[in-house]
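Return atomic coordinates for the entry below.
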Amino acid sequence: MGVNGSAIRAVDTGGRAVVRLSGSAWSAPPASPAAGAEPAGTGPASGALAPDRAAALFVRQAGGALPRPEPAAVQRLVRLCGHLPSVLGLAAALLRADPRRTVSGLADDLGSARDRFPGLDGAALAVAAVLDLSYRDLPASRRRLLRYLGLHPGPDFDVPAAAALGNLTLLHARRSLADLRERQLLIESGGRYRFPDLVADHVHRLAAEEPVVVRDAALERLRDCDSRARARRTSGESTTNQH
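Numbers count the residues shown, from 1 in each chain. Alright, predicted model coming up:
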């Protein structure tokens with residue numbers, strides 16, 4: 001998910017393939033041969049499906065974004081995704097995000113993304129390529145917010161925290177989070193958001209690459225936001241106790 005995407009080197013550390021990208025470290029667990037799989041976009045790249053099941057899953061997730069039947073292109077795409085449910089979910093989200101994109105065009109784009117990682121293969125290559133493409137596909141403002149969200153110290157966050165980190169209005173933050181959720185780069189539950197496991201490590205590394213002054217300013221805005229929220233809660237509790 002580095003901006004220029006040029007791979008420097010690939011290594012293997014404790015069974016995890018890691019590629020270095022312009023100072024970024026990407027890692028992905030190897031594919032598991034175990035049957036069954038985690039829901040797309042919510043877990044690590046494990047549990048590769050049989051080709052026909054992978055194709056059916058992708059078609060189902062793409063839904064109305066499939067403008068016409070492209071069975072050969074679908075088979076090619078799911079092969080490039082390593083038949084991994086989480087990777088297929090991100091690929092389907094890319095198709096849904098751009099009505100002009102065809103399955104064959106997405107497969108071409110994913111193939112080009114894979115070329116940026118000559119030191120990887122298998123599941124690690126599938127993960128790196130789809131995350132690289134997902135990140136590049138975002139508008140610049142969404143890429144910026146995604147990096148800033150990676151600075152949040154907790155396991156999840158709400159709209160005010162996202163607005164503070166990104167220096168956005170609540171409305172802009174809410175719309176941006178909804179877009180990132182639709183692209184399967186975020187998971188929302190009960191008004192709080194978190195990164196899918198497949199995405200989290202990469203976003204945190206992107207955040208760590210931001211200049212120190214930028215990181216400090218974003219975290220200071222977050223602290224101010226938390227302080228205001230605590231003050232409002234304290235004031236509300238005091239008013240309730242008085243009654």
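
centroid residue for the chain?
L185 (3.1 Å; CA atoms, centre = their mean).

if I pick it, what's in contact with it?
For L185, the contacting residues are 90, 93, 134, 146, 195-196, 199, 203, taking CB atoms under 8 Å, 6 or more residues apart in numbering as the criterion. For the C-beta atoms, the positions are set from N, CA and C on the backbone; glycine is no exception.

What of R79?
Counting by CB under 8 Å, 6+ apart, R79 touches P51.

how does this structure divide up, domain by domain?
7-137, 140-242 (automatic domain parsing).

highest average neighbour count across those domains?
For the domains of the chain, ranked by mean neighbour count under the definition mean count of other CB atoms under 10 Å, the leader is domain 7-137 at a mean of 18.

pLDDT on that domain, on average?
The average of the pLDDT scores along domain 7-137 is 74.

Mind picking the two most distant members of the contacts of L185?
Taking CB to CB, the two most distant members of the contacts of L185 are A93 and V203; they sit 15.4 Å apart.

you'd agree A50 is up against V78?
No: taking contact to mean CB atoms under 8 Å, the distance of 10.1 Å between A50 and V78 leaves them out of contact.

picking that back up, so the residue nearest to the centre of the chain is in which element?
Counting by DSSP states H and E, there is no helix or strand that carries L185.

now R228
Taking DSSP H and E as the definition, R228 sits inside helix 212-242.

From the chain's centroid, how far away is that helix?
28 Å (CA atoms, centre = their mean, to the nearest Å).

Now do it: which elements does it pack against?
Using 3 or more CB pairs under 8 Å, 6 or more residues apart in numbering; DSSP states H and E as the contact criterion, the neighbours of helix 212-242 among helices and strands are helix 159-166.

contact partners of the following helix or strand past the helix it packs on?
For helix 159-166, the succeeding helix or strand toward the C-terminus, using DSSP H and E, is helix 170-182. Contact with helix 170-182 is made by 93, 96-97, 141-142, 145-146, 159-160, 162-163, 166, 168, 186-188, 193, as judged by CB under 8 Å, 6+ apart.

Kindly report the same for stretch 91-108.
Contacts of stretch 91-108 from elsewhere in the structure, counted by CB under 8 Å, 6+ apart, are 40-41, 58, 61-63, 65-68, 70, 73-74, 76-77, 80-81, 109-110, 130, 133-134, 137, 182-185.

ends of that stretch, how far apart?
Taking CA to CA, to the nearest Å as the measure, stretch 91-108 stretches 12 Å from start to finish.

do stretch 163-173 as well
5 Å.

average model confidence for that stretch?
Averaging pLDDT along stretch 163-173 yields 97.

Also stretch 194-209?
Computed over stretch 194-209, the average pLDDT equals 92.

Please compute how far it lies from its chain's middle.
7 Å.

export it as PDB, just CAs?
Taking Å, rounded to 0.1, in the frame of the first residue of the first chain, the C-alpha atoms of stretch 194-209 are listed here in PDB:
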ATOM      1  CA  ARG A 194     -12.300  -1.200  13.000                       C
ATOM      2  CA  PHE A 195      -9.900  -2.500  10.400                       C
ATOM      3  CA  PRO A 196     -10.300  -6.000   9.000                       C
ATOM      4  CA  ASP A 197      -7.400  -8.200  10.100                       C
ATOM      5  CA  LEU A 198      -6.200  -8.400   6.500                       C
ATOM      6  CA  VAL A 199      -6.000  -4.600   6.300                       C
ATOM      7  CA  ALA A 200      -4.900  -3.500   9.800                       C
ATOM      8  CA  ASP A 201      -1.200  -4.200   9.800                       C
ATOM      9  CA  HIS A 202      -0.700  -2.400   6.500                       C
ATOM     10  CA  VAL A 203      -2.700   0.700   7.500                       C
ATOM     11  CA  HIS A 204      -0.700   0.900  10.800                       C
ATOM     12  CA  ARG A 205       2.600   0.800   8.800                       C
ATOM     13  CA  LEU A 206       1.300   3.500   6.500                       C
ATOM     14  CA  ALA A 207       0.400   5.600   9.500                       C
ATOM     15  CA  ALA A 208       3.900   5.100  11.000                       C
ATOM     16  CA  GLU A 209       5.400   6.500   7.800                       C
END
